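In: Predicted model and sequence follow; I will ask about them next.
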Number of protein chains: 2
Amino acid sequence: MGLKHLLKEGTFKVTGRLRIEQPEEPFFGPGRLQLLELIDEKGSINQAAKAMGMSYSKAWKMINSLNEQALHPLVATQTGGEKGGGAIITPEAKEIIAYFKDLQTRFELFLQQETKKLGD
Amino acid sequence: MGLKHLLKEGTFKVTGRLRIEQPEEPFFGPGRLQLLELIDEKGSINQAAKAMGMSYSKAWKMINSLNEQALHPLVATQTGGEKGGGAIITPEAKEIIAYFKDLQTRFELFLQQETKKLGD
């Protein structure tokens, strides 16, 4: 039995957020996913940070954290200096993005099942 | 295959948070769970709010939101005035707490499975 008998009419859903982390350091979550996808789209860390309303230095902190925890860098900057040159995400970054999206899909399924159970 | 081949040695875990919500209004999550449990323990909204480092008015907002979405009140205040008298949580609140904890247990299982998969 769910909670329907205790709740007023409404659209109650089970929602949530996932991340991958180490005890002392976040590794991957919705924010870093979005940052990597924007870097991939725009070819620029500066443009990606702007699109997220995030400071350039905060974006770099996230990228350093990602690169330090991965065996191979996830973001690579190209010649021309940090702001001058472009940036790309590596095949390893794309693999991690795909993995995280699959994980989110499995989580969505869990949330749907739990939302259904809630309404029983 | 997980992400082990892309990550340095470490203790990577899949973690997350769940809540129950309507499109325009949160209903239940870890914060409200803690507030209700503290009211139950201390018999006082004021003491419960203090223990969470939360203002009395914020605690009341959460309680009003809970009470307004439930068919029967989840928190009831006793005579003596808002600050003077005590507060109790109702059997309906206890049922929702138990449901949410079971939901969190199922979520923990999902997170454990995903953490295991990640390390493959």
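Out: Received the coordinates, thanks. Residues are numbered from 1 along each chain as shown, chains lettered A, B, ... in the order given.

In: name the helices or strands packed onto the longest helix seen in chain A?
Out: In chain A, with assignment by DSSP state H, the single longest helix is helix A:91-118. Judged by 3 or more CB pairs under 8 Å, 6 or more residues apart in numbering or on different chains; DSSP states H and E, helix A:91-118 is in contact with strand A:13-22, helix A:30-42, strand B:13-22, helix B:91-118. Every C-beta, even on glycine, is put in place using the N, C-alpha and C of the backbone.

In: Next secondary structure after the third one?
Out: Yep, that's strand B:13-22 we're talking about. Using DSSP states H and E, the next helix or strand after strand B:13-22 towards the C-terminus is strand B:25-28.

In: still on that earlier bit, what's the offset of the longest helix of chain A from the middle of its chain?
Out: Distance of helix A:91-118 from its chain centroid, counting by CA atoms, centre = their mean, to the nearest Å, is 11 Å.

In: before we move on, the earlier item: with distance to residue A:62 and mean pLDDT added, can I get the helices and strands packed on helix A:91-118 in a markdown table?
Out: Formatted as a markdown table, the helices and strands packed on helix A:91-118 follow (distance: least, CB to CB, whole Å; pLDDT from 0 to 100):
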| stretch | distance to residue A:62 | mean pLDDT |
| --- | --- | --- |
| strand A:13-22 | 13 | 98 |
| helix A:30-42 | 6 | 97 |
| strand B:13-22 | 17 | 98 |
| helix B:91-118 | 20 | 98 |
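
In: Tabulate these in a markdown table, adding columns for mean neighbour count and distance to residue A:89.
Out: Listed next are those as a markdown table, based on neighbours: other CB atoms under 10 Å in any protein chain shown; distance: least, CB to CB, whole Å:
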| stretch | mean neighbour count | distance to residue A:89 |
| --- | --- | --- |
| strand A:13-22 | 18 | 17 |
| helix A:30-42 | 18 | 5 |
| strand B:13-22 | 18 | 22 |
| helix B:91-118 | 16 | 20 |
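
In: give the contact list for residue A:12.
Out: Neighbour list for residue A:12: A:3, A:115, A:118-119, B:20-22, B:27 [criterion: CB atoms under 8 Å, 6 or more residues apart in numbering or on different chains].

In: Please disregard the earlier target; I meant residue A:22.
Out: Residue A:22 touches A:69, B:10-13, counting by CB under 8 Å, 6+ apart.

In: Closest one of the residues you listed to residue B:39?
Out: Taking CB to CB as the measure, residue B:39 lies nearest residue B:13 of these, at 31.6 Å.

In: Roughly how far does that closest one sit from chain A?
Out: 6 Å (CB to the nearest CB, to the nearest Å).

In: which strand residues sit across from that residue in the sheet?
Out: Bridge pairing for residue B:13 (DSSP bridges) gives the partners residue A:21.

In: for residue A:70, phi and psi?
Out: phi -90, psi 150 (degrees, to the nearest 10).

In: number of nearby residues for it?
Out: 20 (other CB atoms under 10 Å in any protein chain shown).

In: State the distance from it to residue A:18.
Out: For residue A:70, the distance to residue A:18 equals 19 Å [CB to CB, to the nearest Å].

In: Using CSV, lay out the helices and strands packed on helix A:91-118 together with distance to residue B:44.
Out: Formatted as CSV, those follow (distance: least, CB to CB, whole Å):
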stretch, distance to residue B:44
strand A:13-22, 30
helix A:30-42, 38
strand B:13-22, 25
helix B:91-118, 15
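
In: among those, which is nearest residue B:49?
Out: Closest among the helices and strands packed on helix A:91-118, using CB to CB: helix B:91-118, at 16.3 Å.

In: Determine the angle, from 0 to 180 degrees, between the closest one and helix A:91-118.
Out: Helix B:91-118 runs at 150 degrees relative to helix A:91-118, counting by axes from the mean of the first three to the mean of the last three CA atoms, to 10 degrees.
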